[in-house]
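Engineer: pasted the sequence and its predicted model underneath.
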Amino acid sequence: MTAPLTPPPPPNEGSSYQGGPVPPPASAHESGAAAGSPYDASDPSDSSDASDAYDSHGEQDGPGMLTEVRQAAVTVLAVALSGALLGVLWWQLAPDVPLVGTVADGRWFVYLADSEGEQAIAVDGTFTLLALAFGALSALVVFLLRRRGGVPLVVALGAGGLLGSLLAWRLGVWLGPTQDVLAHAKDVGEGETFTAPLRLGAKGALLAWPLAGLVVHLGLTGLFGPRDPEPDPWPAPHPPGGAEGTGGTWGKSG
């Protein structure tokens, strides 16, 4: 037999590629590679997908926050307006503080008919107890309507309770007896007993409603609110990374 006449190619004519990324051709830097080619540094489809994901995420967060703000505004309005009922109840349930007027040297003087009575303290106590009840009730209603809660809702509950207390205080004073005790004493006559105007001596009672609402809402959320799923106490074991990598390498070389 005779040897083949075609000599083998020299070693220098073989490919010099030793692995790694393929450099782009010179024309790609000059004229720019076509969109979607392997040498295109910025893939339009990737940027559009990222922008679409960002837009959808922003649209989801935007209306969610707006919804919470709207719900918080409605909560503030509803809780504050319910203070009118508190004011009416305070006016009806608060005990009367008796006063009496007398004349000395042509001048009118008004003093308590019962100097040792505790009616004035009972007026403040009645407002405080009613405010605590309204705070607990408003927290219960808000929790039942919006179990997941949220910071805007909690802030709205406290702000609405404070506004409701202020409304109840001013409405009760307006519905009660006149504030001009001297004119009232002159109308009923000297030595006659009449009812003192409705006053709230302890202004700290205005905080009873918002504090009670926040505490009750916090307790209801902690006891009956939605919870995150607990992690698995017995997670499945994961194979070590070295063994997996070694197996892959042996598979390739074997």
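Structural biologist: Okay, I see it. A quick note: this is a predicted structure, and the numbers were derived from the prediction, not measured.
Engineer: and the helix or strand harbouring residue 91, what does it pack against?
Structural biologist: Using DSSP states H and E, residue 91 maps to helix 83-93. In terms of contacts (3 or more Cβ pairs under 8 Å, 6 or more residues apart in numbering; DSSP states H and E), helix 83-93 is packed against helix 119-145, helix 151-175. (Glycine included, C-beta is placed from N, CA and C.)
Engineer: which parts of the first one are buried?
Structural biologist: When you say that, I think you mean helix 119-145. For helix 119-145, the neighbour count (16 or more other Cβ atoms under 10 Å) marks 119-120, 123-124, 126-128, 130-132, 134-139, 141-143 as buried.
Engineer: how about the last one?
Structural biologist: Buried residues in helix 151-175, counted by 16+ other Cβ under 10 Å: 152-154, 156-165, 167-169, 171-173.
Engineer: all helices of this protein, in order?
Structural biologist: 26-31, 44-81, 83-93, 119-145, 151-175, 181-188, 208-224, 241-253 (DSSP state H).
Engineer: in CSV: those helices, plus distance to residue 108.
Structural biologist: As requested, the helices of the chain are exported to CSV (distance: least, Cβ to Cβ, whole Å):
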stretch, distance to residue 108
helix 26-31, 102
helix 44-81, 39
helix 83-93, 26
helix 119-145, 21
helix 151-175, 22
helix 181-188, 5
helix 208-224, 36
helix 241-253, 95
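Engineer: so which of these comes closest to residue 106?
Structural biologist: Residue 106 lies closest, by Cβ to Cβ, to one member of the helices of the chain: helix 181-188, at 12.6 Å.
Engineer: what average pLDDT does the closest one get?
Structural biologist: Mean per-residue pLDDT for helix 181-188: 84.
Engineer: packing partners for it?
Structural biologist: So helix 181-188, by 3+ Cβ pairs under 8 Å, 6+ apart, packs with strand 98-104, strand 107-112, strand 193-195.
Engineer: could you dump the helices and strands packed on helix 83-93 to CSV with distance to residue 224 and mean pLDDT?
Structural biologist: Listed next are the helices and strands packed on helix 83-93 as CSV, based on distance: least, Cβ to Cβ, whole Å; pLDDT from 0 to 100:
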stretch, distance to residue 224, mean pLDDT
helix 119-145, 8, 95
helix 151-175, 15, 95
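Engineer: of those helices, which is nearest residue 190?
Structural biologist: Per Cβ to Cβ, nearest to residue 190 of these: helix 119-145, 21.9 Å.
Engineer: list the helices and strands that closest one packs on?
Structural biologist: Judged by 3+ Cβ pairs under 8 Å, 6+ apart, helix 119-145 is in contact with helix 44-81, helix 83-93, helix 151-175, helix 208-224.
Engineer: including distance to residue 195, could those helices go into JSON lines?
Structural biologist: JSON lines is the format used below for these (distance: least, Cβ to Cβ, whole Å):
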{"stretch": "helix 44-81", "distance to residue 195": "28"}
{"stretch": "helix 83-93", "distance to residue 195": "11"}
{"stretch": "helix 151-175", "distance to residue 195": "12"}
{"stretch": "helix 208-224", "distance to residue 195": "24"}
